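Undergrad: Make a model of this:
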Amino acid sequence: MQRTLFGEIGSVLSHRQYRLYFFSNLISSIGRWIYRSSAAWFTWELTDSYEWLGIIAFADIFPMVILAMIAGALSDRIGYMRVIKFTQFFAWVLALILAILILTDLITIWVLLGITILHGCNEAMSTPPRLSIVNALVPKEKLSTAIGLNSAAFNACRVFGPAIGGGLLLFFNAGWVFGIAALTFVQFYVALFFIRTESGNAGGHGKPSFSILKDIGEGVSYAWNMPGIRFLLALLALQGVLLRPFMELAPGFADKVFGMQSDGMAIILSSVGFGGLIGSLFIARRGKIAGLTMLVTWCVGLQSVALMLFVATNYIWLGTVFLFVIGVTMLVSGAGSQTLIQNTVASSVRARVMSLFVMLSWGLPAVGAWIEGMLAEFYGLRWTVGFGAAVCLVLGIWSIRWGKKYRSELE
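TA: Take a look at the predicted model:
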(Lines give C-alpha, C1' and ligand atoms only; values in the text may rest on other atoms or scores of the structure.)
Protein backbone atom coordinates (compact mmCIF):
# COMPACT_ATOMS: atom_id res chain seq x y z
CA MET A 1 0.00 0.00 0.00
CA GLN A 2 1.34 3.40 -0.95
CA ARG A 3 2.45 5.60 1.90
CA THR A 4 0.71 8.86 2.65
CA LEU A 5 2.59 12.12 2.21
CA PHE A 6 3.36 12.36 5.91
CA GLY A 7 4.26 8.68 6.02
CA GLU A 8 6.92 9.20 3.36
CA ILE A 9 8.26 12.31 5.09
CA GLY A 10 8.17 10.65 8.50
CA SER A 11 10.10 7.69 7.13
CA VAL A 12 12.88 9.94 5.82
CA LEU A 13 13.00 12.02 9.01
CA SER A 14 13.32 8.86 11.10
CA HIS A 15 16.99 8.84 10.12
CA ARG A 16 18.64 10.86 12.89
CA GLN A 17 21.56 12.25 10.87
CA TYR A 18 19.29 13.45 8.08
CA ARG A 19 16.82 14.90 10.59
CA LEU A 20 19.51 16.97 12.31
CA TYR A 21 20.88 18.16 8.98
CA PHE A 22 17.40 18.96 7.65
CA PHE A 23 16.22 21.17 10.52
CA SER A 24 19.48 23.05 11.08
CA ASN A 25 19.80 23.66 7.35
CA LEU A 26 16.16 24.79 7.29
CA ILE A 27 16.88 27.58 9.78
CA SER A 28 20.02 28.57 7.90
CA SER A 29 18.10 28.67 4.61
CA ILE A 30 15.53 31.05 6.11
CA GLY A 31 18.44 33.27 7.06
CA ARG A 32 19.88 32.98 3.56
CA TRP A 33 16.65 34.26 2.03
CA ILE A 34 16.40 37.04 4.60
CA TYR A 35 19.95 37.98 3.61
CA ARG A 36 19.32 37.87 -0.15
CA SER A 37 16.01 39.74 -0.15
CA SER A 38 17.35 42.36 2.26
CA ALA A 39 20.45 42.88 0.12
CA ALA A 40 18.29 43.36 -2.98
CA TRP A 41 16.03 45.90 -1.28
CA PHE A 42 18.97 47.71 0.32
CA THR A 43 20.53 47.98 -3.16
CA TRP A 44 17.32 49.50 -4.50
CA GLU A 45 17.23 51.99 -1.63
CA LEU A 46 20.83 53.03 -2.27
CA THR A 47 20.62 53.35 -6.06
CA ASP A 48 17.02 53.24 -7.41
CA SER A 49 18.54 51.50 -10.44
CA TYR A 50 17.53 48.39 -12.42
CA GLU A 51 21.13 48.09 -13.58
CA TRP A 52 22.49 47.99 -10.03
CA LEU A 53 19.91 45.36 -9.11
CA GLY A 54 21.23 43.28 -11.98
CA ILE A 55 24.86 43.94 -11.03
CA ILE A 56 24.35 42.93 -7.39
CA ALA A 57 22.41 39.82 -8.45
CA PHE A 58 25.18 39.02 -10.92
CA ALA A 59 27.87 39.45 -8.24
CA ASP A 60 25.96 37.22 -5.82
CA ILE A 61 25.13 34.37 -8.18
CA PHE A 62 27.64 34.43 -11.05
CA PRO A 63 30.48 32.92 -8.94
CA MET A 64 28.42 29.70 -9.23
CA VAL A 65 29.46 29.62 -12.90
CA ILE A 66 33.17 29.96 -12.09
CA LEU A 67 33.55 28.12 -8.78
CA ALA A 68 30.85 25.44 -8.68
CA MET A 69 32.95 22.92 -10.60
CA ILE A 70 35.94 23.59 -8.34
CA ALA A 71 33.69 23.09 -5.32
CA GLY A 72 32.42 19.81 -6.74
CA ALA A 73 35.92 18.50 -7.44
CA LEU A 74 37.16 19.60 -4.01
CA SER A 75 34.16 18.01 -2.28
CA ASP A 76 34.61 14.71 -4.10
CA ARG A 77 38.25 14.79 -3.02
CA ILE A 78 38.22 15.89 0.65
CA GLY A 79 34.60 15.19 1.64
CA TYR A 80 31.34 17.13 1.60
CA MET A 81 31.22 17.89 5.30
CA ARG A 82 34.58 19.66 5.47
CA VAL A 83 33.61 22.05 2.70
CA ILE A 84 30.18 22.74 4.19
CA LYS A 85 31.64 23.54 7.63
CA PHE A 86 34.16 26.03 6.26
CA THR A 87 31.68 27.83 4.01
CA GLN A 88 29.02 28.05 6.70
CA PHE A 89 31.48 29.67 9.09
CA PHE A 90 32.52 32.17 6.42
CA ALA A 91 28.86 32.99 5.66
CA TRP A 92 28.40 33.89 9.32
CA VAL A 93 31.48 36.16 9.25
CA LEU A 94 30.34 38.00 6.10
CA ALA A 95 26.81 38.62 7.40
CA LEU A 96 28.22 39.92 10.68
CA ILE A 97 30.59 42.31 8.89
CA LEU A 98 27.78 43.63 6.69
CA ALA A 99 25.54 44.18 9.72
CA ILE A 100 28.27 46.16 11.50
CA LEU A 101 29.04 48.31 8.43
CA ILE A 102 25.39 49.24 7.98
CA LEU A 103 24.83 49.99 11.67
CA THR A 104 27.93 52.22 11.73
CA ASP A 105 26.86 53.96 8.49
CA LEU A 106 30.05 52.93 6.68
CA ILE A 107 28.31 51.07 3.88
CA THR A 108 28.36 52.21 0.23
CA ILE A 109 27.14 50.47 -2.89
CA TRP A 110 30.74 49.56 -3.77
CA VAL A 111 31.38 48.04 -0.36
CA LEU A 112 28.11 46.13 -0.68
CA LEU A 113 29.24 44.92 -4.09
CA GLY A 114 32.53 43.65 -2.64
CA ILE A 115 30.83 41.76 0.18
CA THR A 116 28.28 40.39 -2.27
CA ILE A 117 31.05 38.99 -4.47
CA LEU A 118 32.59 37.24 -1.46
CA HIS A 119 29.18 35.94 -0.41
CA GLY A 120 28.54 34.64 -3.92
CA CYS A 121 31.90 32.85 -3.99
CA ASN A 122 31.15 31.27 -0.63
CA GLU A 123 27.70 30.11 -1.77
CA ALA A 124 29.24 28.66 -4.92
CA MET A 125 31.65 26.57 -2.84
CA SER A 126 28.91 25.51 -0.42
CA THR A 127 26.05 24.48 -2.68
CA PRO A 128 27.39 21.36 -4.52
CA PRO A 129 28.33 19.52 -1.29
CA ARG A 130 25.07 20.60 0.42
CA LEU A 131 23.09 19.01 -2.42
CA SER A 132 25.30 15.93 -2.70
CA ILE A 133 25.47 15.06 1.00
CA VAL A 134 21.83 13.91 1.07
CA ASN A 135 23.00 10.64 -0.49
CA ALA A 136 25.14 10.00 2.60
CA LEU A 137 22.26 10.61 5.02
CA VAL A 138 19.43 8.42 3.66
CA PRO A 139 19.15 5.05 1.83
CA LYS A 140 18.96 5.26 -1.97
CA GLU A 141 15.33 4.09 -2.08
CA LYS A 142 14.37 7.19 -0.06
CA LEU A 143 16.46 9.60 -2.12
CA SER A 144 13.58 11.01 -4.20
CA THR A 145 11.54 11.74 -1.07
CA ALA A 146 14.55 13.29 0.69
CA ILE A 147 15.31 15.54 -2.29
CA GLY A 148 11.64 16.52 -2.49
CA LEU A 149 11.61 17.30 1.22
CA ASN A 150 14.79 19.35 0.92
CA SER A 151 13.20 21.24 -1.96
CA ALA A 152 10.05 21.76 0.13
CA ALA A 153 12.20 23.21 2.90
CA PHE A 154 14.06 25.42 0.44
CA ASN A 155 10.81 26.79 -0.96
CA ALA A 156 9.23 27.18 2.46
CA CYS A 157 12.23 29.36 3.21
CA ARG A 158 11.67 31.21 -0.06
CA VAL A 159 8.16 31.95 1.22
CA PHE A 160 8.98 32.87 4.80
CA GLY A 161 12.50 34.27 4.34
CA PRO A 162 11.60 37.25 2.10
CA ALA A 163 8.35 37.77 4.02
CA ILE A 164 10.27 37.90 7.31
CA GLY A 165 13.02 40.02 5.76
CA GLY A 166 10.56 42.44 4.15
CA GLY A 167 8.58 42.72 7.39
CA LEU A 168 11.70 43.35 9.46
CA LEU A 169 12.89 46.03 7.03
CA LEU A 170 9.64 47.93 7.56
CA PHE A 171 10.46 48.32 11.26
CA PHE A 172 14.21 47.86 11.73
CA ASN A 173 17.48 49.08 10.29
CA ALA A 174 18.86 46.70 7.66
CA GLY A 175 21.93 46.13 9.84
CA TRP A 176 19.85 44.36 12.47
CA VAL A 177 18.21 42.23 9.78
CA PHE A 178 21.61 41.05 8.53
CA GLY A 179 22.56 40.36 12.14
CA ILE A 180 19.60 38.00 12.45
CA ALA A 181 20.71 36.24 9.27
CA ALA A 182 24.17 35.80 10.80
CA LEU A 183 22.67 33.99 13.80
CA THR A 184 20.91 31.50 11.55
CA PHE A 185 24.21 30.72 9.82
CA VAL A 186 26.18 30.09 12.99
CA GLN A 187 23.60 27.63 14.42
CA PHE A 188 23.95 25.46 11.31
CA TYR A 189 27.73 25.56 11.63
CA VAL A 190 27.50 24.26 15.20
CA ALA A 191 24.98 21.55 14.24
CA LEU A 192 27.30 20.17 11.55
CA PHE A 193 29.71 18.90 14.21
CA PHE A 194 27.02 16.49 15.47
CA ILE A 195 26.22 14.93 12.07
CA ARG A 196 27.81 11.67 10.93
CA THR A 197 27.69 10.52 7.30
CA GLU A 198 28.17 7.24 5.45
CA SER A 199 31.77 7.53 4.26
CA GLY A 200 31.16 5.75 0.96
CA ASN A 201 28.64 8.38 -0.18
CA ALA A 202 30.10 11.51 1.43
CA GLY A 203 32.92 12.34 -0.96
CA GLY A 204 36.53 12.32 0.13
CA HIS A 205 37.58 9.59 -2.27
CA GLY A 206 41.23 10.58 -1.88
CA LYS A 207 42.33 10.55 -5.50
CA PRO A 208 46.11 10.45 -6.02
CA SER A 209 45.93 13.19 -8.66
CA PHE A 210 46.70 16.68 -7.41
CA SER A 211 45.11 18.38 -10.41
CA ILE A 212 41.77 20.00 -9.65
CA LEU A 213 41.45 20.85 -13.35
CA LYS A 214 41.80 17.17 -14.22
CA ASP A 215 39.11 16.29 -11.70
CA ILE A 216 36.83 18.97 -13.16
CA GLY A 217 37.49 17.69 -16.67
CA GLU A 218 36.49 14.18 -15.61
CA GLY A 219 33.19 15.50 -14.25
CA VAL A 220 32.41 17.52 -17.39
CA SER A 221 33.38 14.62 -19.65
CA TYR A 222 31.18 12.23 -17.67
CA ALA A 223 28.15 14.53 -17.92
CA TRP A 224 28.71 15.22 -21.63
CA ASN A 225 28.94 11.52 -22.46
CA MET A 226 25.63 10.80 -20.70
CA PRO A 227 23.00 12.05 -23.22
CA GLY A 228 20.19 12.13 -20.65
CA ILE A 229 22.18 14.21 -18.18
CA ARG A 230 23.34 16.46 -21.02
CA PHE A 231 19.70 17.04 -22.02
CA LEU A 232 18.67 17.96 -18.46
CA LEU A 233 21.59 20.36 -18.10
CA ALA A 234 20.58 22.05 -21.38
CA LEU A 235 17.04 22.53 -20.04
CA LEU A 236 18.43 24.04 -16.85
CA ALA A 237 20.57 26.45 -18.87
CA LEU A 238 17.54 27.50 -20.89
CA GLN A 239 15.53 28.32 -17.77
CA GLY A 240 18.51 29.90 -16.04
CA VAL A 241 19.03 32.52 -18.74
CA LEU A 242 15.46 33.21 -19.89
CA LEU A 243 13.07 32.52 -16.99
CA ARG A 244 14.61 32.69 -13.54
CA PRO A 245 16.33 36.12 -13.74
CA PHE A 246 13.01 37.90 -13.13
CA MET A 247 13.26 37.02 -9.43
CA GLU A 248 16.46 39.06 -9.08
CA LEU A 249 14.56 42.02 -10.53
CA ALA A 250 11.67 41.68 -8.05
CA PRO A 251 12.37 45.04 -6.32
CA GLY A 252 11.96 46.76 -9.70
CA PHE A 253 8.64 45.01 -10.34
CA ALA A 254 7.45 45.89 -6.83
CA ASP A 255 8.27 49.59 -7.17
CA LYS A 256 7.87 50.54 -10.82
CA VAL A 257 5.15 48.12 -11.94
CA PHE A 258 3.01 47.72 -8.81
CA GLY A 259 3.94 50.92 -6.90
CA MET A 260 4.83 49.11 -3.66
CA GLN A 261 7.71 49.04 -1.18
CA SER A 262 9.63 46.11 0.32
CA ASP A 263 6.28 44.48 1.10
CA GLY A 264 5.67 44.18 -2.65
CA MET A 265 9.01 42.46 -3.14
CA ALA A 266 8.16 40.09 -0.29
CA ILE A 267 4.79 39.29 -1.91
CA ILE A 268 6.44 38.50 -5.26
CA LEU A 269 9.16 36.26 -3.84
CA SER A 270 6.85 34.61 -1.32
CA SER A 271 4.26 33.80 -3.99
CA VAL A 272 6.89 32.03 -6.06
CA GLY A 273 8.17 30.32 -2.94
CA PHE A 274 4.70 29.14 -1.91
CA GLY A 275 4.19 27.63 -5.34
CA GLY A 276 7.58 26.00 -5.03
CA LEU A 277 6.61 24.61 -1.64
CA ILE A 278 3.53 22.93 -3.14
CA GLY A 279 5.57 21.64 -6.06
CA SER A 280 8.23 20.18 -3.79
CA LEU A 281 5.63 18.48 -1.60
CA PHE A 282 4.24 16.99 -4.80
CA ILE A 283 7.69 15.61 -5.67
CA ALA A 284 8.12 14.25 -2.14
CA ARG A 285 4.64 12.68 -2.19
CA ARG A 286 5.18 11.23 -5.65
CA GLY A 287 8.28 9.42 -4.41
CA LYS A 288 9.13 7.67 -7.70
CA ILE A 289 11.34 8.21 -10.73
CA ALA A 290 9.08 6.82 -13.48
CA GLY A 291 7.49 9.56 -15.62
CA LEU A 292 9.62 12.31 -14.11
CA THR A 293 11.46 13.19 -17.34
CA MET A 294 8.32 14.21 -19.24
CA LEU A 295 6.99 16.04 -16.20
CA VAL A 296 10.15 18.14 -16.16
CA THR A 297 9.91 19.06 -19.85
CA TRP A 298 6.22 20.03 -19.70
CA CYS A 299 6.88 22.26 -16.69
CA VAL A 300 9.35 24.36 -18.70
CA GLY A 301 6.62 25.36 -21.15
CA LEU A 302 4.03 26.01 -18.43
CA GLN A 303 6.50 28.15 -16.52
CA SER A 304 7.12 30.27 -19.64
CA VAL A 305 3.40 30.89 -20.17
CA ALA A 306 2.88 31.86 -16.51
CA LEU A 307 5.77 34.35 -16.63
CA MET A 308 4.36 36.01 -19.76
CA LEU A 309 0.99 36.40 -18.02
CA PHE A 310 2.66 37.84 -14.91
CA VAL A 311 4.50 40.59 -16.77
CA ALA A 312 1.26 41.51 -18.59
CA THR A 313 -0.80 42.25 -15.46
CA ASN A 314 -1.09 45.53 -13.56
CA TYR A 315 -2.59 43.95 -10.45
CA ILE A 316 -0.30 42.42 -7.83
CA TRP A 317 -2.92 40.03 -6.44
CA LEU A 318 -3.69 38.66 -9.92
CA GLY A 319 0.04 38.45 -10.44
CA THR A 320 0.39 36.23 -7.38
CA VAL A 321 -1.69 33.55 -9.14
CA PHE A 322 0.77 33.46 -12.04
CA LEU A 323 3.71 33.62 -9.63
CA PHE A 324 2.31 30.62 -7.78
CA VAL A 325 2.22 28.64 -11.04
CA ILE A 326 5.77 29.77 -11.80
CA GLY A 327 6.83 28.52 -8.38
CA VAL A 328 5.20 25.10 -8.82
CA THR A 329 6.62 24.50 -12.29
CA MET A 330 10.04 25.92 -11.45
CA LEU A 331 10.36 23.60 -8.48
CA VAL A 332 9.06 20.48 -10.23
CA SER A 333 11.44 21.02 -13.15
CA GLY A 334 14.38 21.82 -10.85
CA ALA A 335 13.87 19.15 -8.19
CA GLY A 336 12.84 16.66 -10.85
CA SER A 337 16.06 17.29 -12.78
CA GLN A 338 18.09 17.00 -9.59
CA THR A 339 16.44 13.68 -8.72
CA LEU A 340 17.01 12.27 -12.21
CA ILE A 341 20.66 13.32 -12.23
CA GLN A 342 21.34 11.91 -8.77
CA ASN A 343 19.57 8.70 -9.74
CA THR A 344 21.81 8.29 -12.80
CA VAL A 345 25.24 9.61 -11.79
CA ALA A 346 28.08 7.50 -10.36
CA SER A 347 28.96 8.28 -6.73
CA SER A 348 32.63 8.94 -7.57
CA VAL A 349 31.72 12.02 -9.66
CA ARG A 350 28.45 12.99 -7.96
CA ALA A 351 29.52 16.37 -6.53
CA ARG A 352 31.21 17.36 -9.79
CA VAL A 353 28.13 16.61 -11.86
CA MET A 354 25.90 18.28 -9.26
CA SER A 355 28.17 21.33 -9.48
CA LEU A 356 27.16 21.58 -13.15
CA PHE A 357 23.53 21.46 -12.00
CA VAL A 358 24.27 24.30 -9.55
CA MET A 359 26.22 26.32 -12.10
CA LEU A 360 23.44 26.21 -14.68
CA SER A 361 20.33 26.42 -12.51
CA TRP A 362 21.64 28.95 -9.96
CA GLY A 363 24.63 30.58 -11.63
CA LEU A 364 23.25 31.37 -15.08
CA PRO A 365 20.30 33.40 -13.69
CA ALA A 366 22.95 35.91 -12.60
CA VAL A 367 24.00 36.33 -16.22
CA GLY A 368 20.38 36.66 -17.26
CA ALA A 369 19.63 39.18 -14.49
CA TRP A 370 22.59 41.34 -15.48
CA ILE A 371 21.61 41.30 -19.16
CA GLU A 372 17.90 41.84 -18.48
CA GLY A 373 18.70 44.60 -15.99
CA MET A 374 20.64 46.49 -18.65
CA LEU A 375 18.05 45.88 -21.36
CA ALA A 376 15.24 46.98 -19.02
CA GLU A 377 16.83 50.43 -18.77
CA PHE A 378 16.14 50.87 -22.51
CA TYR A 379 13.17 48.65 -23.35
CA GLY A 380 11.34 48.47 -20.03
CA LEU A 381 11.14 45.68 -17.50
CA ARG A 382 8.00 44.04 -18.84
CA TRP A 383 9.04 43.80 -22.49
CA THR A 384 12.48 42.49 -21.59
CA VAL A 385 11.31 39.72 -19.24
CA GLY A 386 8.31 38.84 -21.43
CA PHE A 387 10.45 38.41 -24.54
CA GLY A 388 12.76 36.01 -22.70
CA ALA A 389 9.77 33.96 -21.56
CA ALA A 390 8.39 33.79 -25.12
CA VAL A 391 11.70 32.49 -26.49
CA CYS A 392 11.84 29.90 -23.71
CA LEU A 393 8.30 28.74 -24.52
CA VAL A 394 9.23 27.99 -28.14
CA LEU A 395 12.38 26.10 -27.15
CA GLY A 396 10.58 24.33 -24.30
CA ILE A 397 7.92 22.93 -26.64
CA TRP A 398 10.67 21.70 -28.96
CA SER A 399 12.40 19.93 -26.05
CA ILE A 400 9.41 17.67 -25.27
CA ARG A 401 10.29 15.19 -28.03
CA TRP A 402 13.85 14.96 -26.72
CA GLY A 403 12.52 14.14 -23.28
CA LYS A 404 10.76 11.09 -24.73
CA LYS A 405 14.05 9.97 -26.24
CA TYR A 406 16.09 10.13 -23.02
CA ARG A 407 13.63 9.03 -20.37
CA SER A 408 14.69 5.36 -20.48
CA GLU A 409 18.27 6.35 -19.63
CA LEU A 410 17.28 8.72 -16.82
CA GLU A 411 14.54 6.64 -15.20
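
Undergrad: Does residue 182 touch residue 96 like I think?
TA: Yes - between residue 182 and residue 96 there is a contact at 4.6 Å, judged by CB atoms under 8 Å. (Glycine included, C-beta is placed from N, CA and C.)

Undergrad: of these two, who's got more company?
TA: Between residue 182 and residue 96, counted using other CB atoms under 10 Å, the more crowded position is residue 182 (20 against 17).

Undergrad: The more buried one: what secondary structure?
TA: Under DSSP: H, G, I helix; E, B strand; the rest coil, residue 182 falls in the helix class.

Undergrad: Can you tell me the element the nearest residue to it once chain neighbours are set aside falls in?
TA: Spatially, and ignoring its direct neighbours in sequence, residue 182 is nearest to residue 95 (3.7 Å; CB to CB, 6 or more residues apart in numbering). With elements taken from DSSP states H and E, the one containing residue 95 is helix 80-103.

Undergrad: State the distance from the residue nearest the centre of the chain to residue 300.
TA: What sits nearest the mean C-alpha location of the chain, by CA atoms, centre = their mean, is residue 362, with 5.4 Å. Plainly put, residue 362 is 17 Å away from residue 300 if you go by CB to CB, to the nearest Å.

Undergrad: got it, and residue 108?
TA: Distance from residue 108 to residue 300, by CB to CB: 40 Å.

Undergrad: show me what contacts the nearest residue to residue 27 once chain neighbours are set aside?
TA: Among residues not flanking residue 27 along the chain, residue 184 sits closest, at 5.1 Å (CB to CB, 6+ apart). By CB atoms under 8 Å, 6 or more residues apart in numbering, the contact list for residue 184 reads 27-28, 30-32, 34.

Undergrad: Closest to residue 160 out of those?
TA: residue 30 (6.0 Å; CB to CB).

Undergrad: Now do the buried residues in the longest helix along the chain.
TA: The longest helix of the chain (DSSP state H) is helix 16-47. By 16 or more other CB atoms under 10 Å, the buried positions in helix 16-47 come out as 17-18, 20-22, 24-44.

Undergrad: do the same with stretch 98-116
TA: 98-99, 101-102, 107, 109, 112-113, 115-116.

Undergrad: Mind putting the residues you listed into a markdown table with distance to residue 236?
TA: What follows is these, written out as a markdown table (distance: CB to CB, whole Å):
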| residue | distance to residue 236 |
| --- | --- |
| 98 | 30 |
| 99 | 34 |
| 101 | 35 |
| 102 | 35 |
| 107 | 34 |
| 109 | 31 |
| 112 | 29 |
| 113 | 27 |
| 115 | 28 |
| 116 | 23 |
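
Undergrad: Need these in CSV (columns: distance to residue 168 and pLDDT).
TA: Shown next, in CSV, are the buried residues of stretch 98-116 (distance: CB to CB, whole Å; pLDDT from 0 to 100):
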residue, distance to residue 168, pLDDT
98, 15, 94
99, 12, 94
101, 18, 94
102, 13, 91
107, 17, 90
109, 21, 93
112, 18, 94
113, 23, 95
115, 19, 95
116, 19, 93
